[in-house]
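Student: this is a predicted model, with the sequence first.
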Amino acid sequence: MKYRRANLLYRVASIVALALSFSGLGAAQTSASGKSNTSPSPSVLEHEFVDALRDANVQKVLSYIPDGGVNVGREAQHLTHAEVEQQFQSHRGLYCKLFDSSCIEATVNLGNSARTCSYRELLTNSQKLRTAASEVTRSGVRQAVLVAEVNDDQCPSQKLIDFIFNLQAGGWKLFSIP
């Protein structure tokens, strides 16, 4: 229940970040002293991470998974770094969700013929793709919210994809994958 509520809050934050970025209201963060932060820019993260997904650069995406792991899906299932690496190597689970539509295990809904697509397919084949990144601070943790709005007739059930990153000593690391 705790993860479901947190996941809902992150989704709302993602939509707000997307709206701010598209409206041009998003602003660079400054510290309490008024100095500009020198961390990697969320817009640089946006381009590098989306490119890594589109190029199916598994090693680059894996580099964003922190040692402590990442929360995945609506239920915020926690996967350790080792579990993610294993799924990437065996081409199952999160690997399929991120990179390969053909191996996604999805239940068949006879009333809905739309297939489930990987994020790579959505980001690569979308007829309309808009991405945005915004930085927020939540409970003292700097986070980057990366949102992609996609429109793909082959995968009509997916419209927004949002990734949440925490700023750690080694740079931006994934906190949440939808």
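Tutor: That came in fine, so what should we check first?

Student: what about residue 68, neighbour count?
Tutor: Residue 68 has 12 neighbours, counted by other C-beta atoms under 10 Å. Heads up, the C-betas are built off the backbone N, CA and C, glycines and all.

Student: hmm, I was thinking of residue 67
Tutor: 10.

Student: could you pull up phi and psi at residue 60?
Tutor: In terms of degrees, to the nearest 10, the main-chain angles of residue 60 are phi -70, psi -50.

Student: scratch that, residue 145 is what I was asking about
Tutor: phi -110, psi 120.

Student: and it, bridged to which residues?
Tutor: Assessed by DSSP bridges, residue 145 has beta-bridge partners residue 134, residue 164.

Student: i'd like the first residue to be 611 from this point on
Tutor: Got it, first residue is 611 now, which makes that one residue 755.

Student: surely it meets residue 776?
Tutor: No - applying C-beta atoms under 8 Å, one finds residue 755 not in contact with residue 776, separated by 10.8 Å.

Student: so where's this protein shaky on pLDDT?
Tutor: Low-confidence segments of the chain (pLDDT under 70): 611-649, 716-724, 767-768.

Student: compare residue 755 and residue 776 (neighbour count), which wins?
Tutor: residue 755 (28 against 17).

Student: what are the ranges of the strands in this protein?
Tutor: Here the chain has its strands, by DSSP state E, at 680-682, 687-689, 738-748, 751-761, 770-778, 781-787.

Student: can you redo those strands as TSV with distance to residue 711?
Tutor: Output for the strands of the chain, formatted as TSV (distance: least, C-beta to C-beta, whole Å):
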stretch	distance to residue 711
strand 680-682	17
strand 687-689	20
strand 738-748	16
strand 751-761	13
strand 770-778	14
strand 781-787	16
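
Student: any idea which of those gets closest to residue 729?
Tutor: Nearest of those to residue 729, taken as C-beta to C-beta: strand 770-778 at 5.7 Å.

Student: return the alpha-carbon coordinates of that closest one using PDB.
Tutor: Output in PDB follows, covering the C-alpha atoms of strand 770-778 (Å, rounded to 0.1, in the frame of the first residue of the first chain):
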ATOM      1  CA  LEU A 770       3.100   8.300 -20.900                       C
ATOM      2  CA  ILE A 771       6.300   6.800 -19.700                       C
ATOM      3  CA  ASP A 772       8.000   8.200 -16.600                       C
ATOM      4  CA  PHE A 773      11.300   7.400 -15.000                       C
ATOM      5  CA  ILE A 774      12.500   8.800 -11.700                       C
ATOM      6  CA  PHE A 775      16.200   9.200 -10.900                       C
ATOM      7  CA  ASN A 776      17.800  10.000  -7.600                       C
ATOM      8  CA  LEU A 777      21.100  12.000  -7.600                       C
ATOM      9  CA  GLN A 778      23.700   9.900  -5.900                       C
END
